[in-house]
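Student: With the input below, show me the fold.
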Amino acid sequence: NLEVDLRNKDQNLGVLSIEVKDEPGTEHLELTAQANGKSMKEETQIFVNFPKSYQSDYKALSINKGQEQSFRFNPKGYENYVKYKIKVSGVKLPDFTSYAEDLIEYPYGCLEQTVSKGFSQLFLDEILQLSPEQKQNQVLNVQSTLTKLQSFQDADGSFYQWPGSRYYHAWSESYLGYFLAETKDAGFRVPERMLDDWQRAQTERANQWVMPTSSNEYVQESEEMVQAFRLFVLAKTGSPVLGAMNRFVQGMTSNTMNNWLLAGSYALAGYDNKEEELMNKAIEWSKNYQGRYSHYTYGGHERNLALIVDILYSLGNQHDLLQKYYFNLIDKLNERRWASTQTKAFSFLAATRFLDGNKANFNGEISFSIDVNGNKKELRTNAMETQVFEFSDEYNGGTFRFENLGDALVYLDFVQRYLPKNLYEEPKNSELSI
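Tutor: From the prediction side, this is the model:
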């Protein structure tokens, strides 16, 4: 009940706290007001939703021959809405299933975010086994991304950060070209005018670009990497700008990623000698390179590692080095609780490159057994194929036992997707820097 004093006043404000059910839905409210022997009644409905969106709890394990591993389905958050996924593979992969869901559910839609959403789904069927319905949704999502991206393009061929906006972001525009090139290679129909106009606009920007002379190390590094990335993507789309590439190499600072990107540019343009020289410099400087997050390019060390994997794939005959950088990437990703949308998208690309370059090395089988609440079965599958087992809230409190019955090492990921109950969290910081 709530009492409001209206003596000597024609109005007053009162706040009534109402407790709702701890589940989503619609609550029916009936409010009655009484004063001086009179009363009135008001009925209304309020919509009750979860306080937060889905989050992931992720565990990555390596299981040797004869080893067992057990899990309990202990739900977090709202127990009736939890989802479990267990992935088994003979190949080391990051948590791509929840990555894909995060990107599909990502609520924003600037140029970079739109590209990341489509980029990740482009390679989904090459990493995970999809049902016919999932495969259909994958194709539709990539096609809808291509359609949406046309609204970002201006008459001069440039792409802006938002539809109808004049805010230009150089990295995002090159990132878009990267996506268009990969989408075309994957067999999707990319509007020719869209790609041709992008190439024309980017070639003009590459030729007009002048080496910055900023006293700010971060600005200098970001501006140089934007041009190096632009040159690499232009080469990837079959339009290398050799004059701009030569000028850039002569004046660039000793940035590791610049050398990697230009090595890839020269390789794609067919200049093997220059490619090898730049790659050797990049490897030498990489020994002490840890990288840092760049807000301007939307990525940090992990995103750059994924880029290096794709560059090494472009170079060809770099199996051992590609595997080294790929494993480093996966280890870094699995250490972190957060990754940018672009890092996630490039990680899909890196995994695809690694798998394609290692088909001969993973042509064997893995053999294992799973036991869910006492129901046991044995499976034998191709080491390259990722098996995904999904469980709903009906399994809460149950057990999952896994045993490696074969000779090969098996990688197992246990992912719980849940809706947190807590509205507020204690502040935390990790690897923050200014």
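
Student: okay but Leu29 is in contact with Gln45, surely?
Tutor: Yes - applying Cβ atoms under 8 Å as the test, Leu29 and Gln45 come out as touching, 6.9 Å apart. Where C-beta positions appear, they are placed from N, C-alpha and C, glycine not excepted.

Student: More neighbours: these two, which one.
Tutor: More neighbours surround Leu29 than the other of Leu29 and Gln45, with 12 against 9 (other Cβ atoms under 10 Å).

Student: For Ala170, which non-adjacent residue is closest in space?
Tutor: Distances taken as Cβ to Cβ, 6 or more residues apart in numbering place Val226 nearest to Ala170, at 4.8 Å, with adjacent residues excluded.

Student: Can I take it that that neighbour is in a helix?
Tutor: Yes - counting by DSSP: H, G, I helix; E, B strand; the rest coil, Val226 is located in a helix.

Student: Tell me, how many residues neighbour it?
Tutor: Neighbour tally, Val226, other Cβ under 10 Å: 21.

Student: Are we agreed that Lys421 is in a helix?
Tutor: No - if the criterion is three-state DSSP, then Lys421 is coil and not within a helix.

Student: What segments of the stretch 51-200 of the chain are helices?
Tutor: Counting by DSSP state H, counting those that start in this stretch, the stretch 51-200 of the chain has helices at residues 96-105, 111-122, 124-127, 132-149, 170-185, 192-208.

Student: Least confident of those helices, on average?
Tutor: Across the helices of the stretch 51-200 of the chain, the stretch with the lowest average pLDDT is helix 96-105; it has a mean of 60.

Student: quick one on the thing from earlier: pick the most buried one from the helices of the stretch 51-200 of the chain.
Tutor: Of those, the one with the most neighbours on average (mean count of other Cβ atoms under 10 Å) is helix 111-122, at a mean of 24.

Student: now that helix against helix 132-149, angle please.
Tutor: With axes from the mean of the first three to the mean of the last three Cα atoms, to 10 degrees as the basis, helix 111-122 and helix 132-149 are set at 150 degrees to each other.

Student: Residues touching helix 111-122, excluding its own?
Tutor: If you take Cβ atoms under 8 Å, 6 or more residues apart in numbering as the criterion, helix 111-122 is touched by 99-100, 103-104, 106, 138, 141-142, 145-146, 148-149, 152, 159-162, 169, 171-173, 175-176, 178-179, 182-183, 186, 298, 341-342, 344-346, 348-349.

Student: Equivalent analysis for stretch 61-71, please.
Tutor: 86, 399-414.

Student: For it, buried residues please.
Tutor: Going by neighbour count (16 or more other Cβ atoms under 10 Å), the buried part of stretch 61-71 is Ile63, Gln69, Phe71.

Student: and stretch 373-382, what's its mean pLDDT?
Tutor: Confidence for stretch 373-382, expressed as mean pLDDT, is 91.

Student: again with stretch 243-261
Tutor: The model assigns stretch 243-261 a mean pLDDT of 87.

Student: Endpoint to endpoint, it covers what distance?
Tutor: End-to-end distance of stretch 243-261 (Cα to Cα, to the nearest Å): 16 Å.

Student: thinking again about what came up before, return the closest of the buried residues of stretch 61-71 with respect to Leu315.
Tutor: Of all those, Ile63 has the smallest distance to Leu315: 33.4 Å, by Cβ to Cβ.

Student: how far away is that closest one from Val388?
Tutor: 16 Å (Cβ to Cβ, to the nearest Å).

Student: do Glu192 as well
Tutor: According to Cβ to Cβ, Glu192 stands 37 Å off from Val388.

Student: go on, Leu180?
Tutor: Taken as Cβ to Cβ, the span from Leu180 to Val388 is 30 Å.

Student: And the helices in the stretch 251-400 of the chain, which stretches?
Tutor: Here the stretch 251-400 of the chain has its helices, by DSSP H, counting those that start in this stretch, at 256-269, 272-286, 301-315, 319-335, 341-357.

Student: Which one of these lies nearest to Gly25?
Tutor: So among the helices of the stretch 251-400 of the chain, helix 341-357 is nearest, using Cβ to Cβ, at 31.5 Å.

Student: The closest one versus helix 170-185: what angle between them?
Tutor: Using the same axes, to 10 degrees: helix 341-357 against helix 170-185 is 30 degrees.

Student: if you average pLDDT over helix 341-357, what comes out?
Tutor: Mean predicted confidence for helix 341-357 is 86.

Student: Which secondary structure elements does that helix sit against?
Tutor: helix 96-105, helix 111-122, helix 124-127, helix 301-315, helix 319-335 (3 or more Cβ pairs under 8 Å, 6 or more residues apart in numbering; DSSP states H and E).

Student: Let me have those helices in CSV, extended by distance to Asp5.
Tutor: Shown next, in CSV, are these (distance: least, Cβ to Cβ, whole Å):
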stretch, distance to Asp5
helix 96-105, 48
helix 111-122, 51
helix 124-127, 62
helix 301-315, 61
helix 319-335, 59
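
Student: Please save the CA atoms from stretch 394-414 in CSV.
Tutor: Taking C-alpha atoms only, stretch 394-414 is exported to CSV below (Å, rounded to 0.1, in the frame of the first residue of the first chain):
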residue,chain,number,x,y,z
GLU,A,394,16.4,-30.7,-19.1
TYR,A,395,19.9,-31.9,-18.3
ASN,A,396,20.5,-29.6,-15.4
GLY,A,397,22.1,-31.5,-12.5
GLY,A,398,23.1,-34.4,-14.8
THR,A,399,26.6,-35.6,-15.8
PHE,A,400,28.6,-35.9,-19.0
ARG,A,401,31.6,-38.2,-19.2
PHE,A,402,34.1,-38.3,-22.1
GLU,A,403,36.8,-40.9,-22.8
ASN,A,404,39.4,-40.7,-25.5
LEU,A,405,39.5,-44.3,-26.9
GLY,A,406,42.0,-43.5,-29.8
ASP,A,407,45.6,-42.8,-30.1
ALA,A,408,45.3,-39.1,-31.2
LEU,A,409,45.0,-36.1,-29.0
VAL,A,410,41.4,-34.8,-28.8
TYR,A,411,40.3,-31.3,-28.1
LEU,A,412,37.1,-30.8,-26.1
ASP,A,413,35.3,-27.5,-25.4
PHE,A,414,32.5,-27.2,-22.8
